[in-house]
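A.B. asks: fold the following, please.
(2 chains)
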Amino acid sequence: MLKTSVEDKVDARGDVILDIRDLATHFPMRNATVHAVDGVSLKLRRGKTTCVVGESGSGKSVTARSVLQIVDAPGRIVGGTIALRTGGGEVDIATLHPRSRAIRAIRGRDIAMIFQEPMSSLSPVHTIGNQIIESIRLHEKVTKAEARARAIELLAQVEIREPEKAIDQYTFEFSGGMRQRAMIAMALSCNPQVLIADEPTTALDVTTQAEILDLMRSLQEKHDMAIMFITHDMGVVAEIADDVVVMRHGKVVETGEVNEIFANPRHAYTRRLLESVVKLEQRAEIKRPEAEVLAEQTDPILSVKNVSVVFPLRGPKRKGPARGFRAVNDVSFDLRRGESLGIVGESGSGKTTLGRVLASVLSPSEGGIRFHENGGAGGDVGQLEGEALRNYRRQVRMVFQDPHGSLNPRMTVGQIVAEPLLNNGIARGDALRDRVYDLLEQVGLPAAVAERYPHAFSGGQRQRICIARAIALEPRVVICDEATSALDVSIRSQVLDLLIRLQERLDLSFVFIAHDIGVVRYFCDRVAVMRKGEIVEMGPASQVCDNPQHPYTKALISAVPHPDPTARSMHLRHRYEDAGVS
Amino acid sequence: MTEHLHDDTPADTDGDESMLADGPPLADGRNTAVASQWQLMWWKFRRHRLAMAGLTVVVILYLIAAFAEFLAPFDPNSYDRKGGFHPPQAVHLIDRTEEGGLTIRPWVWETELTRDPRTLVSTYQATGEKTYLRWFGEGDSYELWGLIPGNRHLLTPVDPDKRFYLLGADRLGRDMLSRTIHGARLSLLIGLIGVAFSLVLGITLGGLAGYLGGWVDTVISRSVELVLSLPTIPIWLALAAALPATWSTETRYFFITLIVSLVGWTELARVVRGRFMSLKNDDFVVAAVLDNAPQRRVIFRHMLPSLTSHIIASVTLAVPLMILAETSLSFLGLGLMPPAISWGVLLKEAQDVRSIVLGPWLFAPGVAVVITVLAFNFLGDGLRDAADPYN
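C.D. replies: The predicted structure is shown next:
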């Protein structure tokens, strides 16, 4: 454990409100005990934000849940102390029974928690107001009318418009950002002194995330709360943290003041984490300069013309133009040979639907996609059938977002990678086996993994297997639908580098769909920004990312938090006002 | 066999790259990385104690049914005029030899029917004599599975003219143990055959509805709902009553099975349809389509393996329903008819008050039904939990 001088000073001042020492939370399984949290010590200071950072499986969420004694069974706190120092003295939460009256009094009143997924932490069958009123009345003896007035005031505090009206609405009537605001309102209902936020903005779009972070900061100032903010995003950390705790494998590898950690990381893991984050802030080093690539790549390989996708609304069918929800609206662009085209957008922008049309999973409702095979003109993808469609699917391949769902868990890796080769009659027998081994080695996996099942691999490795399957048929185009968003940040750049190397070797063109500007800047030559089914801006990656023209792109780019605590810029961001934005 | 490379050194710079995760390390060195779905299911199933108990009981029950002729002490239809409503007897294993020492051999007290001259109540009283029994002795002759002739039984009286009743005797003095054991055969078999019928119907129709969707789905789903909305018992009764009484036992048995499985298939069809619908949109199935896999291969290579385990679990849970259905029908006198022996037929004999008063042991087949149904339900529960080992 590294103790910084800052921390010691803090102790002396006595404004530490929550003091966790040597916390250990274990999950006894049948075969082994999982040490999810293994000797974690950290302190929360009044009015300060402590960010707990770590990659998946580092034990950061379990630490947060241990503080409120809400660890999922069979997890149990087996050691250490959690001292809560409120006005009334000191309580050691670790010794309280998870169902005791004492801990119930602490939850909500002294320590409140907000979760990643607001939809599942709010009840769908009660109005927002009722849920807030209930949590007020659980801890304080007030009349219903008083509690309701308080609830309206809270909703106003979290900047929900027309709180008098919103209080009687149900969860599903709120957007994702509004739900998270409502969750915060609920958490604040009893003026807690500690707020634990477990990845509260991970499920939100960047612009919404920026709003929520703003809100949390202003509320913290108003209430002088200590915030424990759990995140995996170093950009968010740089934007909001006062103190940082870096966790890995259930242990704290480094703690310290935010500028200190970013400027002068001591632990190798922290350094590596920061490196991989900073790496994604610019164009990949192993890529050739953008201008050079753009000048060279001129002839299109895939032309998208006026493509629209309409999902019909349920109801009686009427004659006339297609009615329904337009997920993609009149999109046109050319994918050039050998380039990487990024498609960015927030949730609901239609980027995934567009990707599925390109991969021939869906047919466009209007417009067409033309595949220029060997320089010649191909057919419109929507109309392809039989052998022509099979040929298109050989040439245009797809890598899915979820590395867990896109590999058949009941087939070995070897069988999975062999599947396209078998189905297209490319190879069989020994030749097939050799080709599979070769493909696995191309994506950086030893041939020996062929006999294993997908569940034995981590997310990054699974994505490599997906890539091996995609390139097995020597395609011209690969469509990556959020291919790196499910991965930890340190793995992300590794997978992207693999794609870049494959692109050079196999002369591939990529359509790279992402919501993460950093990944696009790193990987892509050109970028198209989508919003509500339309492309609002398109151009060279450097131009779109560093000098956006469209106001929506400006808002989007400026809301992205940068991993530099000395240049906090989110409060300077552009706002794109639009009806329906939370 | 596999390398365990854990990067606990803080200075490693390659992270995910070099690490080949092996899943959770297991104490007994099993390797989950190369384990197929059936192995994973079995490992998961084995941890479910109640289900393992259920599996054991089910296996034992089917073994009993298979070797009924050998395990039953007597022919189920042989009777003893002087043995009506004979109560159950306990087998003693330790006996005194003539020299006064102790020896191990099975025996029961011999009994005699006496009638109270005033109340005319008949009771069985021990005569003080012992009826000696023998393991693997010769007794009533039979043909095992209708093929192998034999006359050895697990336990027989030494003197072939003597009788003993471990589970008591019925009105006609027939041994209830032998009858219950023989009844297991038809009752358990009807569960399997009925489920096989339902399975074929359910998988075909459910699979078509789920995979094709559209109007096919509408038609099949609505028919399932129609069948489910029919009141089962009256329909069974009507159908069973419509079977001509002149039919042979075998024909009757076949049709009763059909009637019983009429209801079973709907549940299965629903399960299969739901699974197909959700699987159809799973990324790995979409990936298979994009790999240019022919439709047949998508269904049989990619979708069905994910379904089989769930189907097996549903089937296991459907078997007890079939057994119960047969029991109810036969109990009501509309299912199988004597001389066929099933648990339902046997229970029919316990319908009147006289049996309850004079021979409560006539409910033994009912206990057998309860044990069977419970065992199947535990087994099915365990299978359902283990059916998806990837969560």
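A.B. asks: rest of the way, CA atoms for contacts and neighbours
C.D. replies: Fine.
A.B. asks: quick check: phi and psi at the closest residue to chain B within the stretch 251-400 of chain A.
C.D. replies: For the stretch 251-400 of chain A, the residue closest to chain B is A:Ala268, as judged by C-alpha to the nearest C-alpha, at 5.3 Å. Per-residue torsions, A:Ala268: phi -60, psi -40 (degrees, to the nearest 10).
A.B. asks: cool, A:Ile343 as well?
C.D. replies: According to degrees, to the nearest 10, the main-chain angles of A:Ile343 amount to phi -120, psi 110.
A.B. asks: so what's it up against?
C.D. replies: A:351, A:511-514, A:527-530 (C-alpha atoms under 8 Å, 6 or more residues apart in numbering or on different chains).
A.B. asks: A:Asp110: which of those residues is nearest?
C.D. replies: Nearest to A:Asp110 out of the contacts of A:Ile343 is A:Ala514 (C-alpha to C-alpha; 39.4 Å).
A.B. asks: and that closest one, what are its bridge partners?
C.D. replies: Beta bridges link A:Ala514 to A:Val344, judged by DSSP bridges.
A.B. asks: list the contacts for the residue in chain A that chain B sits nearest to?
C.D. replies: Nearest residue of chain A to chain B, counting by C-alpha to the nearest C-alpha: A:Ser406, 4.0 Å away. A:Ser406 sits next to A:400, A:466, B:282-285, B:287 when contact means C-alpha under 8 Å, 6+ apart.
A.B. asks: what is the neighbour count of B:Thr131?
C.D. replies: When neighbours are counted by other C-alpha atoms under 10 Å in any protein chain shown, B:Thr131 registers 18.
A.B. asks: of the contacts of A:Ser406, which pair is most distant in space?
C.D. replies: A:Cys466 and B:Asp282 (14.6 Å).
A.B. asks: and the closest residue to A:Val16 other than its chain neighbours, how far from B:Leu317?
C.D. replies: Leaving aside its sequence neighbours, A:Val16 sits nearest to A:Arg45 (C-alpha to C-alpha, 6 or more residues apart in numbering or on different chains; 4.4 Å). According to C-alpha to C-alpha, to the nearest Å, A:Arg45 and B:Leu317 sit 56 Å apart.
A.B. asks: between those two, who's got more neighbours?
C.D. replies: Neighbours per residue, other C-alpha under 10 Å: of A:Arg45 and B:Leu317, the larger number sits with A:Arg45, 25 against 21.
A.B. asks: I'd say that one and A:Ala226 touch.
C.D. replies: Yes: counting by C-alpha atoms under 8 Å, A:Ala226 is a contact partner of A:Arg45 at 5.6 Å.
A.B. asks: what sits in contact with each of those two?
C.D. replies: Here A:Arg45 and A:Ala226 have A:Ile17 as joint contacts, going by C-alpha under 8 Å, 6+ apart.
A.B. asks: mind listing the strands for the stretch 51-200 of chain B?
C.D. replies: Along the stretch 51-200 of chain B, the segments classed as strands by DSSP state E, counting those that start in this stretch run B:92-96, B:102-115, B:122-135, B:138-144, B:148-152, B:155-157.
A.B. asks: and the fifth one, how far out from the chain middle?
C.D. replies: By that I understand strand B:148-152. Distance, stretch centre to chain centre, for strand B:148-152: 26 Å (C-alpha atoms, centre = their mean, to the nearest Å).
A.B. asks: mind checking the pLDDT average for that strand?
C.D. replies: Regarding strand B:148-152, the rounded mean pLDDT is 80.
A.B. asks: compute the inter-axis angle for that strand and strand B:122-135.
C.D. replies: 110 degrees (axes from the mean of the first three to the mean of the last three C-alpha atoms, to 10 degrees).
A.B. asks: parallel or antiparallel, list what pairs with strand B:148-152.
C.D. replies: As defined by DSSP bridges, the strand partners of strand B:148-152 come to strand B:138-144 (antiparallel).
A.B. asks: what residue spans form the domains of chain A?
C.D. replies: Listed by automatic domain parsing, the domain ranges of chain A are A:5-110+A:193-279, A:119-191, A:290-311+A:322-561.
A.B. asks: how far does the longest one sit from the chain's center?
C.D. replies: In other words, domain A:290-311+A:322-561. From the chain centre to the centre of domain A:290-311+A:322-561 is a distance of 19 Å (C-alpha atoms, centre = their mean).
A.B. asks: what ranges do the strands span in the stretch 401-550 of chain A?
C.D. replies: Assigned by DSSP E, counting those that start in this stretch, the stretch 401-550 of chain A shows strands spanning A:477-481, A:509-514, A:526-531, A:534-540.
A.B. asks: mean pLDDT for those - can I get that in CSV?
C.D. replies: Formatted as CSV, these follow (pLDDT from 0 to 100):
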stretch, mean pLDDT
strand A:477-481, 92
strand A:509-514, 92
strand A:526-531, 92
strand A:534-540, 90
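A.B. asks: how about A:Ile301, secondary structure?
C.D. replies: Local secondary structure at A:Ile301 is given as strand here, using DSSP: H, G, I helix; E, B strand; the rest coil.
A.B. asks: find the nearest non-adjacent residue to it, please.
C.D. replies: That would be A:His372: by C-alpha to C-alpha, 6+ apart, it lies 4.9 Å from A:Ile301.
A.B. asks: the one you found against A:Asp334, yeah?
C.D. replies: No: assessed by C-alpha under 8 Å, A:His372 is found out of contact with A:Asp334, at 10.6 Å.
A.B. asks: so what sits against both of those two?
C.D. replies: Common neighbours of A:His372 and A:Asp334, counting by C-alpha under 8 Å, 6+ apart, are A:300-303.
A.B. asks: can you pull the contacts of the closest residue in space to A:Gly405 that isn't next to it in sequence?
C.D. replies: Nearest non-adjacent residue to A:Gly405, counting by C-alpha to C-alpha, 6+ apart: B:Asp283, 5.5 Å away. Shown in contact with B:Asp283 (C-alpha under 8 Å, 6+ apart): A:400, A:402, A:405-407.
A.B. asks: let me see the contact set for A:Asp205.
C.D. replies: Counting by C-alpha under 8 Å, 6+ apart, A:Asp205 has contacts A:346-347.
A.B. asks: one more time with 10 Å
C.D. replies: A:176-177, A:345-347, A:515-516, A:556, A:559-560 (C-alpha atoms under 10 Å, 6 or more residues apart in numbering or on different chains).
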